[in-house]
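Engineer: Fold the following.
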Amino acid sequence: MLNPKRILVTKFRAMGDTVLLTAALKELHRQFPLAQIHVAATEPWVWLLDGFPGVTKLWPVTWHHDRGARTKAATRLAFQLRKEHFDVVFGFHASPVAAMVALSTGAKVRSIHFHSFKAKNMYSTVVVPGKGIMKPVVERDLDTIRAVGLDVPEGVMPEIFLKETEKDFAKEELQAWGMKRPILGVALGASRATKIWPLHRFAEVSLQWVKETNGSVLVIGGPGEEALAEEFFRSIPNTPEMRKAVQVMQPCSVRMLASRISQLNVLLGNDSGPRHLATALGVPTVTIFGPEHPLEWHPYPQNRHPRLFVEPLHCRVNTEPGSPPWCGIQECIVEAHQCMTKITADQAHEQVMRVYQEYGKNLGI
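Structural biologist: This is a model prediction of the structure:
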């Protein structure tokens with residue numbers, strides 16, 4: 001019977017992946033309430049786990065694009081982690097570098113789930129179930145802990161924990177900006193351009209929100225996404241009323257981002273990190289999917305977290321046996337980005353208002 005005293009969890013991925021990891025962290029703490037759980041994850045997203053139940057130490061990892069720099073940083077991390085004498089290592093959505101770090105800890109039990117759909121789970125001492133079966137990423141993470149014999153139910157949802165002081169500060173901050181409730185968040189960015197819904201449609205939904213609710217809109221963008229906000233605002237009337245009602249959130253720490261998102265009544269966004277964060281904070285969401293199928297990246301109940309997705313489309317030609325088709329191109333010219341343009345502002349607005357009325361109306365009060 002596995003009874004570890006010290007557990008290491010690794011996941012060197014993006015914001016959304018880090019948020020999804022929290023479902024597995026909840027289960028590890030439930031199954032091993034007395035164990036110390038260390039988490040090595042990408043900075044700055046790792047700080048979303050500050051104060052997470054059962055997590056006793058965070059190891060921030062800087063992910064280098066240069067292979068040599070990445071290998072050196074991973075080697076330094078591995079030496080540091082080896083000194084901790086972990087009993088078990090869980091490597092979620094691992095890469096070759098992450099798998100090497102897990103091996104280097106010297107832990108006798110290693111459950112390592114390589115992120116490739118078919119590739120071997122390198123350096124894993126246990127067999128991770130479900131390999132080669134397309135499923136939501138959160139369930140793939142849960143398979144990684146099921147591999148050591150734990151009975152884990154399906155459907156465990158991610159959750160982010162904030163201090164009340166953090167939420168109160170964000171609430172007071174939005175009030176100081178003159179933002180009236182209810183507040184719609186619009187997350188404009190995504191990991192590539194083809195996953196971004198036309199920005200004038202985000203603007204259309206925002207204008208309808210202000211008109212129907214007499215509330216406000218908070219535009220969420222990350223570093224390097226300033227041009228998206230500028231294009232969005234070209235479709236917003238330049239009046240004093242609208243300038244006050246629709247505001248751009250300036251760059252901030254990841255904890256502050258989470259705190260501000262926690263104060264929204266609804267979030268509308270592309271398939272990107274902020275909508276995972278909103279979901280884990282209990283904020284209803286509406287997600288626009290385009291080139292990629294929602295199966296892996298939308299494990300959420302659709303009554304509270306609907307997604308808009310056009311299918312079938314003949315131009316989604318990337319696929320593996322057992323997985324739905326998707327599209328990996330960086331720029332869509334021939335097909336005119338129809339996976340996104342066929343989703344109308346009216347469709348999104350309808351879902352935004354529905355989840356607001358059913359789930360978001362009393363949030364932040």
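Engineer: now the helices for the chain?
Structural biologist: 15-31, 67-82, 96-104, 137-146, 164-176, 199-213, 226-233, 240-245, 254-261, 273-280, 294-297, 338-341, 345-355 (DSSP state H).
Engineer: which helices and strands sit right next to the one helix or strand in the chain whose mean pLDDT sits lowest?
Structural biologist: Here the helix or strand of the chain ranked lowest by mean pLDDT, DSSP states H and E is helix 67-82, holding a mean of 88. Where contact means 3 or more CB pairs under 8 Å, 6 or more residues apart in numbering; DSSP states H and E, helix 67-82 is packed against strand 36-42, strand 55-61, helix 96-104. To be clear about C-beta, it is placed using only N, CA and C from the backbone, and glycine gets the same treatment.
Engineer: any chance of the helices of the chain in CSV, plus mean neighbour count and distance to G130?
Structural biologist: Shown next, in CSV, are the helices of the chain (neighbours: other CB atoms under 10 Å; distance: least, CB to CB, whole Å):
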stretch, mean neighbour count, distance to G130
helix 15-31, 22, 14
helix 67-82, 15, 27
helix 96-104, 21, 18
helix 137-146, 24, 5
helix 164-176, 14, 36
helix 199-213, 20, 36
helix 226-233, 16, 36
helix 240-245, 13, 47
helix 254-261, 21, 30
helix 273-280, 27, 21
helix 294-297, 18, 13
helix 338-341, 18, 28
helix 345-355, 19, 31
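Engineer: Identify whichever of those helices lies nearest to L188.
Structural biologist: Among the helices of the chain, helix 226-233 comes nearest to L188, with 4.4 Å by CB to CB.
Engineer: Determine the set of other helices and strands touching the closest one.
Structural biologist: helix 199-213, strand 246-248.
Engineer: possible to save the ones you listed as CSV with distance to R76?
Structural biologist: Formatted as CSV, the helices and strands packed on helix 226-233 follow (distance: least, CB to CB, whole Å):
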stretch, distance to R76
helix 199-213, 41
strand 246-248, 38
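Engineer: Quick check: pLDDT value at the closest residue to A14 other than its chain neighbours.
Structural biologist: Excluding its sequence neighbours, the residue lying closest to A14 (CB to CB, 6 or more residues apart in numbering) is G273, at 6.2 Å. pLDDT, G273: 95.
Engineer: again with the one 10 residues further on
Structural biologist: The predicted local confidence for V283 comes out at a pLDDT of 98.
Engineer: Just to check, it is in contact with A258?
Structural biologist: No - counting by CB atoms under 8 Å, V283 does not reach A258; the two are 10.4 Å apart.
Engineer: joint contacts of the two?
Structural biologist: By CB atoms under 8 Å, 6 or more residues apart in numbering, V283 and A258 have no common neighbours.
Engineer: For V127, see how far away the closest residue to M179 other than its chain neighbours is.
Structural biologist: Distance criterion CB to CB, 6+ apart; nearest residue to M179, sequence neighbours excluded, is S216 at 4.1 Å. Plainly put, S216 is 51 Å away from V127 if you go by CB to CB, to the nearest Å.
Engineer: for stretch 282-294, how far is the first residue from the last?
Structural biologist: Start and end residues of stretch 282-294 are separated by 20 Å (CA to CA, to the nearest Å).
Engineer: about what we covered before: adding distance to V156, write the helices of the chain out as a markdown table.
Structural biologist: Formatted as a markdown table, the helices of the chain follow (distance: least, CB to CB, whole Å):
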| stretch | distance to V156 |
| --- | --- |
| helix 15-31 | 4 |
| helix 67-82 | 26 |
| helix 96-104 | 22 |
| helix 137-146 | 6 |
| helix 164-176 | 24 |
| helix 199-213 | 31 |
| helix 226-233 | 33 |
| helix 240-245 | 38 |
| helix 254-261 | 20 |
| helix 273-280 | 12 |
| helix 294-297 | 16 |
| helix 338-341 | 30 |
| helix 345-355 | 22 |
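Engineer: Identify whichever of those lies nearest to G54.
Structural biologist: With CB to CB as the criterion, G54 lies closest to helix 15-31 of the helices of the chain, at 3.1 Å.
Engineer: what domains does the record give for the protein?
Structural biologist: Per automatic domain parsing, the structural domains of the chain span 6-146, 166-360.
Engineer: Mind putting those domains into CSV with distance to E154?
Structural biologist: Conversion of the domains of the chain to CSV gives the following (distance: least, CB to CB, whole Å):
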stretch, distance to E154
domain 6-146, 7
domain 166-360, 10
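Engineer: wait, which of those domains is closest to I160?
Structural biologist: Of the domains of the chain, nearest to I160 by CB to CB is domain 166-360, at 4.2 Å.
Engineer: how much distance is there from that closest one to the middle of the chain?
Structural biologist: Distance, stretch centre to chain centre, for domain 166-360: 13 Å (CA atoms, centre = their mean, to the nearest Å).
Engineer: what's the answer for stretch 82-99, then?
Structural biologist: Offset of stretch 82-99 from its chain centre (CA atoms, centre = their mean): 21 Å.
Engineer: Counting neighbours, which bits of that stretch end up buried?
Structural biologist: 86-95, 97-99 (16 or more other CB atoms under 10 Å).
Engineer: quick one on the thing from earlier: which of the helices and strands packed on helix 67-82 has the lowest mean pLDDT?
Structural biologist: Lowest mean pLDDT within the helices and strands packed on helix 67-82: helix 96-104, at a mean of 92.
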